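Novice: Provide a 3D model corresponding to the input given below.
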Amino acid sequence: MFSRAGVAGLSACAVQPQWIQVRNMATLKDITRRLKSIKNIQKITKSMKMVAAAKYARAERELKPARVYGIGSLGK
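Specialist: Down below sits the predicted model:
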């Protein structure tokens, strides 16, 4: 049903990219915007760490009373 004849007929130029990426020097505005973005990402990451630490502490606190039952079941 599907033949490879159509695939073999592709020319080499069809695979090459149509455009070439050129990187220029970043302007001061670009650098400032990038630094601001990085600072915002740092703030978000810090707050996510704080939330995770609070959740972990809460889970540890709730687990403490249940450890008695876990240790008691090991002796049987």
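Novice: low pLDDT regions in the protein?
Specialist: Along the chain, the parts satisfying pLDDT under 70 run over 1-17, 73-76.
Novice: Select the longest helix from it.
Specialist: As assigned by DSSP state H, the longest helix anywhere in the chain is helix 28-63.
Novice: elements contacting that one?
Specialist: Using 3 or more CB pairs under 8 Å, 6 or more residues apart in numbering; DSSP states H and E as the contact test, no helix or strand touches helix 28-63. C-beta here means a position set from N, CA and C on the backbone, and glycine is covered the same way.
Novice: Next secondary structure after that helix?
Specialist: helix 67-74 (DSSP states H and E).
Novice: just how off-centre is that following helix within its chain?
Specialist: Between the mean C-alpha location of helix 67-74 and the chain-wide mean there is a distance of 38 Å, by CA atoms, centre = their mean, to the nearest Å.
Novice: going forward can the numbers begin at 14, since that is how I track them
Specialist: Shifting the count to begin at 14 puts that one at helix 80-87.
Novice: list the buried ones in it?
Specialist: Residues of helix 80-87 include none that count as buried (16 or more other CB atoms under 10 Å).
Novice: okay, the angle between that helix and helix 41-76?
Specialist: Relative orientation of helix 80-87 and helix 41-76, computed by axes from the mean of the first three to the mean of the last three CA atoms, to 10 degrees: 60 degrees.
Novice: hey, C-alpha coordinates of helix 80-87 in CSV?
Specialist: The C-alpha trace of helix 80-87 is given here as CSV (Å, rounded to 0.1, in the frame of the first residue of the first chain):
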residue,chain,number,x,y,z
ARG,A,80,4.7,5.4,64.7
VAL,A,81,3.7,3.7,67.9
TYR,A,82,1.4,1.4,66.0
GLY,A,83,4.0,0.7,63.3
ILE,A,84,6.6,-0.2,65.9
GLY,A,85,4.2,-2.4,67.8
SER,A,86,3.4,-4.4,64.7
LEU,A,87,7.0,-5.3,64.2
